[in-house]
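> Next comes the sequence, and after it the predicted model I'd like to discuss.
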Amino acid sequence: MSELPVFSKVPPGTQPEYLHPPYRSSVKRAPTKPLILLPGTLSERTGPVFGHAAVTAGDSDLTAQHKGSPAGERIVVSGRVLDEDGRPVRGALVEVWQANAAGRYRHKLDQHNAPLDPNFDGCGRMITDAEGRYKFTSVRPGAYPWGNHHNAWRPAHIHFSLFGAGLLSRLVTQMYFPGDPLLEFDPIYNCVSDESAKRQLISSFDWEHTSPGFALGYRFDIVLRGREATPMEK
Amino acid sequence: MRDVARNSAPLVPTASQTVGPFFSIGLCPHNPSNLVPSSGPGRAGVVTVRGRVLDGEGQGVPDAILEIWRADGSGKYAGAEGGCDANGVPSGFARIPTNEIGEFEFATLKPGPITGNNGEIHAPHLGVLIFMRGLLRHLVTRIYFPQEPASEKDPVLNAVPAERRRTLIATQTGANKNELQWNVLLQGEGETVFFEA
């Protein structure tokens, strides 16, 4: 069996608290009693590792899942998945989902009065390569209104779900776009108190992956919890 | 090279954000589940767990999703090399969304006791992650089994105040010992124990 990863506590303020009253839905769902510190047992230091059969090549191109092309500004999002030592997380399942260019999700509970796009489902998945890299093609999601407070709008974002070396590496997050004026008003983005950790959620414009005549590039690197164990002396 | 990396400041893990209300688009197109062996002797130890996820007002949460991670019948977790099904879903993993009134149900092989790195014995349990709109990061909890002598010495259960331990132990619902119930109370009286690590 390969060595299990080591987990240490995350720096204070770099992860959200459960209760964040400006985000209204947290009020009746955040736990109220103190969390119990879990000793690092095998159950958390191991974790599910998906096989390559979990993805197909078409899963990484959200613009090519229907006969026609979806409306909107085409984008290529890429980046690396790293552990806390900056080592690549290889073979990690990355799942993404998003609204279409008009800010509408293909979901029965999305009541936003914006058009669905018959050529866009908004769902993709990939497995990172030997360097921890992932890449997918999509359209830039639109901003959309939500009921959290008066005139509330979510900044454009793409949801990400990742599995790493252990169960404690599990991460669900959201990627934002640089220069979005809605970010400063968004209670979900602003739930992270550490400024630098918060900015880590914003992708950067990426000339390298901007494809001439086709799509704009954005780069989003992701750091998962965990470090490789120090090798034992023989 | 390794030591240089080790001594430099570690990177800060990316912050969690809520899974939101529309996660089924990305997380449930196939409802990945690989908790019950398709054949073989392992099927004898299959249990069904049913329950509800309830918010601070006692309302069922219709948009939650549970992820289960369990060891096999001999207490071993599937490693990086082993045990994916034809859809690439690793053995011991499943995703279970709640229904419109917050109910969930899944069948799983009951895991065996797990021997930790220091030789300590952990009672059979299921690892559970819970995601939903309103949770800015997911919850971490466990399901233990009723009438399980090993639970009395389990180091994690023993780290939990005695009066709250029962929130982690499923109950038998009828005459059949393979039919279990386990509810998630997010807040208040009987609030489920959640862990940090």
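Done, it's in. Nothing here was measured: the structure is a model prediction, and the numbers come from that model.

> Residue B:52: what's it in contact with?
B:60, B:98, B:101-104, B:183-184 (CB atoms under 8 Å, 6 or more residues apart in numbering or on different chains). For the C-beta atoms, the positions are set from N, CA and C on the backbone; glycine is no exception.

> if we go to 6 Å?
B:60, B:102-103, B:183 (CB atoms under 6 Å, 6 or more residues apart in numbering or on different chains).

> Which of those residues are buried? Put it as a ChimeraX command.
This is the ChimeraX syntax for the buried subset of those, where burial follows 16 or more other CB atoms under 10 Å in any protein chain shown:
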select /B:102,183
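
> Show me the shaky parts of chain A.
When residues are selected by pLDDT under 70, those of chain A lie in A:1-2, A:230-234.

> Have a look at it and report its longest strand.
If you go by DSSP state E, chain A has its longest strand at strand A:74-82.

> in its sheet, what does whatever helix or strand comes next after it sit against?
Counting by DSSP states H and E, the next helix or strand C-terminal to strand A:74-82 is strand A:93-98. Taking DSSP bridges as the criterion, strand A:93-98 forms sheet pairs with strand A:123-127 (antiparallel), strand A:157-162 (antiparallel).

> Relative to residue A:45, how far out is residue A:3?
10 Å (CB to CB, to the nearest Å).

> More neighbours: which of the two?
residue A:45 (23 against 12; other CB atoms under 10 Å in any protein chain shown).

> Quick check: phi and psi at residue A:57.
phi -60, psi -40 (degrees, to the nearest 10).

> And it, how far from chain B?
14 Å (CB to the nearest CB, to the nearest Å).

> Roughly how far does that residue sit from residue B:103?
37 Å.

> How about the contacts made by residue A:130?
By CB under 6 Å, 6+ apart, the neighbours of residue A:130 are residue A:90.

> ok, now with 10 Å
By CB atoms under 10 Å, 6 or more residues apart in numbering or on different chains, the contact set of residue A:130 is A:88, A:90-91.

> Name the helix or strand for it, please.
Going by DSSP H and E, residue A:130 is not in any helix or strand.

> need the strands paired with strand A:93-98 in TSV with mean neighbour count, can you?
Compiled in TSV, the strands paired with strand A:93-98 are given as follows (neighbours: other CB atoms under 10 Å in any protein chain shown):
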stretch	mean neighbour count
strand A:123-127	22
strand A:157-162	24
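
> Over to the residue most central in space within chain B. Which of the three states is it?
In chain B, the C-alpha nearest the mean C-alpha coordinate belongs to residue B:128, at 1.9 Å (CA atoms, centre = their mean). When classified by DSSP: H, G, I helix; E, B strand; the rest coil, residue B:128 comes out as strand.

> Please name the nearest non-neighbouring residue to the most centrally placed residue in chain A.
Central residue of chain A (CA atoms, centre = their mean): residue A:160, 2.4 Å from the mean position. Beyond its immediate neighbours in the sequence, the residue positioned closest to residue A:160 (CB to CB, 6 or more residues apart in numbering or on different chains) is residue A:173, lying 5.2 Å away.

> So the one you found lies in a strand, does it not?
Yes. Residue state for residue A:173 (three-state DSSP) corresponds to a strand.

> My guess is it contacts residue A:191. True?
No. Assessed by CB atoms under 10 Å, residue A:173 is found out of contact with residue A:191, at 11.4 Å.

> Quick check: neighbours shared by those two?
B:15-18, B:137.
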